[in-house]
Structures are given as C-alpha cells and as structure tokens.
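Colleague: Sequence and predicted structure, then a few things I'm wondering about:
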Amino acid sequence: MKTSVLLLMMGAVIGQDTGWRTYGLNDAGWRYSELKQIDTGNIAQLAPKWIFQSGLPGTMETTPLVEGGLMYVTGPSNHAYALDLRQGKPIWHYSKTPPKGLGLCCGEVNRGFATIGDRLFKVSIEDTLIALDKASGELLWETQIADHRKGYTGTVAPIAVKNLVVVGTAGAEFGIRGFVDAYDATTGKRVWRFYTVAGPGEPGADTWGNKTTAGEAWQRGGGSTWITGTYDPELNLIYWGTGNPGPDMNGDLRPGDNLFTCSVVALDADTGKLKWHFQFTPHDTHDWDAISDPVLVDLDVGGRKVKSLIQANRNGFFYALDRTNGKMLLAKPYTKVSWASGIGHDGRPKLIAGQEPSDEGTTSCPSLGGGHNWQATAYSPQTGLYYFGSTTGCQIYYKTRHDAIEGQWYQLSTVDDAKGPPLSGAVIAIDPKTGDTKWHYEMLSSPSGGMLATAGGLVFTGDRYGYFIAMDAKTGKVVWKFPAGAGISAPPITYTYEGKQYVAVASGSSIIAFGLP
C-alpha cells in the first residue's frame with residue numbers, strides 16, 4: 001500500500017512537470033519560462049547534476065527538447081540522442097555518416113529537433129529531412145530537401161505547424177537559391193516551397209537586374225534560411241528570416257534590391273504564399289543576414305496594442321514591425337554603425353557613401369558577423385525586455401570577382417581586422433516599445449551561446465571561453481558563473497523533472513544539466 005501511494009505521489013509530481021517542446025519554447029520564439037524555483041536569491045547554489053559526454057568531434061548547437069522524462073538532443077555530423085532526465089544516460093542514439101565533399105560555411109552543426117505526436121524531425125547536414133520514432137530513435141522516413149552537391153546543407157531546427165514540418169536551408173556562400181519548405185509530418189512529402197530569391201515572372205524578379213547587367217544572378221542569389229522561424233496561429237502566418245544575397249560582397253553582379261534576401265517574410269502556413277515582406281538591408285554587400293529570430297510580441301504603440309515582430313538585425317539596427325502587414329514601427333541602432341545614418345519612415349536605410357567593399361578594402365561597421373548574429377534571443381514579459389548578444393567593432397571589406405562554379409565557395413571576397421580597438425562583445429537588454437537600451441553588459445567577446453529568460457528574474461547565456469552565466473534580468477548584473485570546460489555555442493533551456501527545476505546547456509560536445517541542492 002505504501003509503495004502504491006508513493007508511486008501515485010511521484011506520478012502526480014511528474015505529471016506537473018514542464019518540458020521544452022519546440023525551438024523557442026513557444027510559437028512566438030520568446031525563450032521565456034514561467035519557472036521560478038531557481039531565482040536571483042538562490043542562484044549561487046546552482047550546480048551540475050549530470051553531464052552527458054557524447055565524445056563527438058565538433059560542437060553542439062542544439063536546443064534540447066524535453067518531454068515525458070526524456071531529453072532529445074542533436075549533435076554535429078548527423079548524430080542524435082534521447083537522454084534519461086535523471087542521470088543523462090543515453091536511451092537511444094541515431095547516426096548517419098555524412099557524405100564527403102560537403103560545401104560548409106561553419107561545420108557540420110545542427111540546431112535541434114521539432115516534434116509532432118510520437119515523432120521527432122531533424123535535418124541532416126546533406127540537406128535531407130528525417131522523421132524518427134520518439135521512443136526508439138528508429139528512422140521512419142527520409143526526404144531530400146535539396147542537392148548537397150550544389151552547395152545546399154541543412155543545419156536549421158525545424159518547427160511544427162499543424163501537421164507540417166517547416167524547414168529552411170543553408171549555403172548562401174555556395175551559390176544556392178534559398179527557400180522555406182513545408183513537409184507532411186506523416187509521409188514526408190513536400191507540401192509547399194517559397195523561394196527567397198525571386199525568379200523570372202515572380203514578384204521581385206526585377207530587383208536582380210536584367211540579363212545584360214546581371215545574367216542569371218537569381219539562380220545563385222543566396223537568401224539562405226538557416227535559423228528557425230516563428231508562427232502566429234491567430235494570423236496563420238509563419239515568419240522566417242532570410243540570409244545575404246550571393247555573391248556576398250560584390251553587388252556589381254546583382255544590381256537592385258535583391259528580393260527577398262536580408263528580409264523577413266510572412267508566409268501563409270497552409271500554402272506558403274507570401275503575405276508580406278520587409279527588407280532590412282536592400283542590396284546587402286556586407287553579409288548581414290536577417291536570419292535572427294523573428295520574435296513575436298504585442299507592443300503598446302500610441303496607446304493601442306499592436307501585434308508586432310521584433311528583431312536585433314545583423315546590420316546593427318533593432319527593428320519592430322507590425323506583423324499583420326510588415327509596416328515598420330521603429331528602428332534604432334544598438335551598436336556602432338557607419339553604413340547608414342538611420343532608417344527612413346519607409347523602412348529603407350539612409351546610406352552613407354563610401355561604405356561598399358572595394359578592391360583596396362573599405363572599413364565599415366558593424367563587422368562581418370554583424371551587430372547580432374544567429375544566436376537565440378529571449379523576451380521576458382516579466383521585465384518587458386528583449387535580450388541578445390552583440391558585437392561592437394568594424395572590419396575591412398574587400399571585393400573581388402571570379403566565375404561562379406556550381407557548389408563552390410562564392411563570397412567574393414573577404415574581410416580583415418580594422419585599425420583601432422578590437423571587436424568586443426556585450427549582452428544587451430532593449431525595451432522593444434522604444435528601441436532604447438536599458439542595460440548593456442560589456443564582455444571581451446560576443447556571447448556565443450543564446451539567451452534564456454525565466455520568471456526567476458534571470459537571463460542565462462554562455463561564451464566561447466566555456467563560461468555559463470546567469471544575470472539579473474532587470475539590471476544585467478552577473479549573479480552566477482560556471483566554467484563548463486568547453487565553449488558554449490548553444491542556447492540554454494529550463495524544465496522541471498519530478499517537481500524540481502533544471503537548466504541545461506550544450507558545452508562543446510557535452511550536455512550539462514544544472515539544479516539546486
């Protein structure tokens with residue numbers, strides 16, 4: 001009888017547990033948790049409870065999913081695991097050897113699973129989409145997204161929208177034509193595709209020049225979609241950020257605005273049809289992707305609530321848009337910017353002359369990595385603040401020219417360090433209603449891990465030196481720091497197991513789960 005009562009009690013506690021079931025925790029991409037057992041008062045007691053060491057070469061960039069007493073993580077080079085939440089022991093391990101000769105910008109990384117019912121979905125580095133049985137890790141189906149021999153690769157964490165698995169693709173530096181895809185979760189059949197580079201006969205095609213001036217520039221126009229989007233179920237719209245045009249730094253080969261690169265696109269979830277777009281950096285020549293999380297919040301604008309989308313763009317400006325129609329609400333710089341004096345009411349940048357890459361090199365700010373890159377951001381309704389990692393500094397941009405070769409590097413050209421202070425980093429908290437920076441925590445380099453905000457009044461992040469850091473969400477004061485032993489290039493998550501709150505993060509190729517005594 002006592003044993004039965006104890007099991008019932010444990011079941012009741014476990015039944016109350018809070019997991020992490022999608023990339024951004026909610027459809028809006030907030031990465032904010034209502035959990036508050038771990039707070040500013042007891043954070044000093046936080047310590048590792050278990051460490052899973054995969055032993056894989058490379059670095060994990062995964063957002064773990066947590067559900068039903070298990071943690072699901074993806075690793076580099078097509079590895080994936082289910083881990084027991086009590087000790088971090090692997091329950092199953094999926095792997096597939098990648099093909100040789102992949103065109104890669106930044107390693108054989110993967111950013112996580114999506115889940116629907118009893119299935120998990122992830123992309124492979126050779127740009128296929130797979131479905132795994134959640135209980136066993138067994139492969140259920142595999143669908144080719146695009147041809148890796150033409151420069152396409154897969155690194156994005158999918159999102160689940162109804163019975164669709166929505167993904168993007170990587171490879172803008174290899175002459176690809178980017179897109180957003182949706183696949184049937186049951187069969188793996190592609191339901192729709194939206195190309196992020198406008199082709200002949202499509203709206204925006206005239207922004208790629210004509211055959212005399214640009215040849216067939218749209219065919220290798222870039223616009224990759226390698227960071228996860230968000231979804232508004234009321235509007236039934238999927239929002240996805242798009243990458244740089246190709247070639248990155250030689251705009252002579254692609255005259256015009258180059259739609260829909262360096263933009264956010266709003267797509268009908270059922271059909272993939274474009275409802276609106278907003279281009280942050282027309283005719284980008286500095287590799288300033290707009291792939292950063294398009295976070296959905298409702299803002300008070302002139303005394304009325306506006307369904308908004310916010311983003312810390314790589315070009316150095318923070319933006320707030322009306323997500324029903326794509327109209328700009330505000331734009332303000334959050335780091336050093338030299339290429340534009342501001343953003344006009346029409347959303348177009350006010351360009352400063354002499355900032356384009358050149359044969360001899362041109363110094364411009366921000367740097368190639370941008371003011372904010374791909375690392376996940378967080379929004380806290382408790383503080384009303386938006387948190388992200390940032391880089392301050394400038395680089396010298398060069399322009400070159402050579403013929404495009406299918407599947408080969410096509411950046412044209414590169415960057416070098418500028419004279420003056422080296423690049424530095426910070427964690428920034430912005431009030432999205434005004435675009436004003438509320439606090440700014442200076443760091444030696446930009447935090448390489450993403451953000452997590454909690455109702456415990458905390459913001460978590462990590463850096464390339466291996467420190468896992470907790471900050472006071474209101475002030476930016478560091479309240480806890482742990483040397484994890486390897487660089488952190490992944491966003492943290494939090495969850496409860498058997499009634500206790502944990503925080504977990506990937507460090508190098510390991511997963512560490514932290515808890516209170």
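Modeller: Happy to help now that I have it.

Colleague: contacting residues for the most centrally placed residue in the chain?
Modeller: Central residue check for the chain by CA atoms, centre = their mean: the C-alpha nearest the mean position is that of residue 227, 3.9 Å away. Residues in contact with residue 227 (CB atoms under 8 Å, 6 or more residues apart in numbering) are 111, 156, 168, 241, 291, 292, 293, 374. No exception for glycine: its C-beta is placed from N, CA and C like everyone else's.

Colleague: would CSV of these with distance to residue 505, neighbour count and pLDDT be doable?
Modeller: Formatted as CSV, these follow (distance: CB to CB, whole Å; neighbours: other CB atoms under 10 Å; pLDDT from 0 to 100):
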residue, distance to residue 505, neighbour count, pLDDT
111, 14, 26, 98
156, 20, 28, 98
168, 24, 29, 98
241, 23, 27, 98
291, 22, 29, 97
292, 20, 23, 96
293, 17, 32, 96
374, 16, 23, 96
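
Colleague: Return the distance of stretch 50-69 from the chain's centre.
Modeller: Centre-to-centre, stretch 50-69 and its host chain are 17 Å apart (CA atoms, centre = their mean, to the nearest Å).

Colleague: Could I have the CA atoms of stretch 474-484 written out in CSV?
Modeller: Provided in CSV are the C-alpha atoms of stretch 474-484 (Å, rounded to 0.1, in the frame of the first residue of the first chain):
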residue,chain,number,x,y,z
LYS,A,474,16.4,43.8,-14.6
THR,A,475,19.9,45.1,-14.2
GLY,A,476,22.3,42.9,-16.2
LYS,A,477,24.4,42.2,-13.1
VAL,A,478,26.2,38.8,-13.2
VAL,A,479,24.9,36.7,-10.3
TRP,A,480,26.4,33.3,-11.1
LYS,A,481,29.1,31.9,-13.4
PHE,A,482,30.2,28.3,-14.0
PRO,A,483,33.3,27.1,-16.0
ALA,A,484,31.7,24.5,-18.2
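
Colleague: What separation do you get for the residue nearest to the centre of the chain and residue 371?
Modeller: Separation of residue 227 from residue 371 (CB to CB, to the nearest Å): 16 Å.

Colleague: on that earlier part again, from the contacts of residue 227, which land in strands?
Modeller: Counting by DSSP state E, the contacts of residue 227 place 168, 241 in strands.

Colleague: which among the contacts of residue 227 gets closest to residue 335?
Modeller: residue 292 (13.3 Å; CB to CB).

Colleague: Hmm, that closest one is touching residue 386, no?
Modeller: No. In terms of CB atoms under 8 Å, residue 292 does not count as a neighbour of residue 386; the distance is 11.4 Å.

Colleague: which neighbours do these two share?
Modeller: Residues touching both residue 292 and residue 386 by CB under 8 Å, 6+ apart: 312, 377.

Colleague: now the strands: where do they sit in the stretch 401-517 of the chain?
Modeller: In the stretch 401-517 of the chain, the strands defined using DSSP state E, counting those that start in this stretch lie at 415-417, 424-431, 436-443, 452-454, 458-462, 467-472, 478-483, 493-497, 500-507, 510-515.

Colleague: quick one, which of the ones you listed is nearest to residue 204?
Modeller: strand 415-417 (28.2 Å).

Colleague: Paired strands for that closest one, with orientation please.
Modeller: strand 395-397 (antiparallel) (DSSP bridges).

Colleague: you'd agree residue 108 is in a helix?
Modeller: No. Under DSSP: H, G, I helix; E, B strand; the rest coil, residue 108 falls outside any helix and is assigned coil.

Colleague: what's near enough to touch it?
Modeller: 58, 76, 77, 78, 98, 102, 125.

Colleague: and it, how far is that from residue 228?
Modeller: Applying CB to CB to residue 108 and residue 228 gives a distance of 18 Å.

Colleague: now residue 158
Modeller: 7 Å.

Colleague: ok, now residue 207?
Modeller: 26 Å.

Colleague: for residue 142, same thing?
Modeller: 20 Å.

Colleague: ok, the two, which is more surrounded?
Modeller: Neighbours per residue, other CB atoms under 10 Å: of residue 142 and residue 228, the larger number sits with residue 228, 27 against 13.

Colleague: unless I'm mixing things up, that one is touching residue 111, no?
Modeller: Yes. Applying CB under 8 Å as the test, residue 228 and residue 111 come out as touching, 7.0 Å apart.

Colleague: Brilliant, that's me finished.
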